[in-house]
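Engineer: Could you work out the structure for the sequence below:
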Amino acid sequence: MKTSSEAKTKRPITIFRKENYILFFTGLAFIFIGFVLMTGGGSEDPAVFNEEIFSTTRITVAPLLVLLGFTIEFFAIMKKPTE
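Structural biologist: Residues are numbered from 1 along each chain as shown. Coordinates of the predicted model:
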């Protein structure tokens, strides 16, 4: 029969640690910000062309933020816990 001290020292096994969750939510934030930056730029009048859809933010910065977010997510999943 187990004593009370043995039961108290046994911790539940978790796959991820605090660092993994911090990286995970940081990656989600980058992905979310990237998609928010990609939105908009449409024209109210279909006959008028809006140059804003080809801005550097929508074409370059936002996709890079999304890719960076997915890279951070990969490392958040693959990072081994430090003991």
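Engineer: helix, strand or coil for residue 13?
Structural biologist: The three-state label given to residue 13 by DSSP: H, G, I helix; E, B strand; the rest coil is coil.
Engineer: should've said residue 71
Structural biologist: Going by three-state DSSP: residue 71 is helix.
Engineer: can you pull the contacts of the nearest residue to it once chain neighbours are set aside?
Structural biologist: Take residue 71 and drop its neighbours on the chain: the residue closest to it by C-beta to C-beta, 6 or more residues apart in numbering is residue 27, 7.7 Å away. C-beta coordinates here come from the backbone N, C-alpha and C atoms, glycine included. Residues in contact with residue 27, defined by C-beta atoms under 8 Å, 6 or more residues apart in numbering, are 69-73, 76.
Engineer: what do you get for residue 25?
Structural biologist: Counted by C-beta under 8 Å, 6+ apart, residue 25 has zero contacts.
Engineer: quick one: it from residue 15, how far?
Structural biologist: 16 Å (C-beta to C-beta, to the nearest Å).
Engineer: and if you look at residue 75?
Structural biologist: Counting by C-beta to C-beta, the gap from residue 75 to residue 15 is 15 Å.
Engineer: Please produce a ChimeraX select command covering the buried subset of the contacts of residue 27.
Structural biologist: Restricted to buried positions by 16 or more other C-beta atoms under 10 Å, the ChimeraX selection for the contacts of residue 27 reads:
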select :69,72,73,76
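Engineer: Let me know the closest of the contacts of residue 27 to residue 39.
Structural biologist: If you rank the contacts of residue 27 by distance to residue 39 using C-beta to C-beta, residue 69 comes first, at 15.7 Å.
Engineer: Surely that closest one touches residue 24?
Structural biologist: No. Assessed by C-beta atoms under 8 Å, residue 69 is found out of contact with residue 24, at 10.4 Å.
Engineer: next structured bit after the helix or strand harbouring the residue nearest to residue 71?
Structural biologist: Using DSSP states H and E, residue 27 falls within helix 18-38. Toward the C-terminus, helix 18-38 is succeeded by helix 56 as the next helix or strand (DSSP H and E).
Engineer: Counting by contacts, list what that next one packs against.
Structural biologist: Here helix 56 touches no other helix or strand, going by 3 or more C-beta pairs under 8 Å, 6 or more residues apart in numbering; DSSP states H and E.
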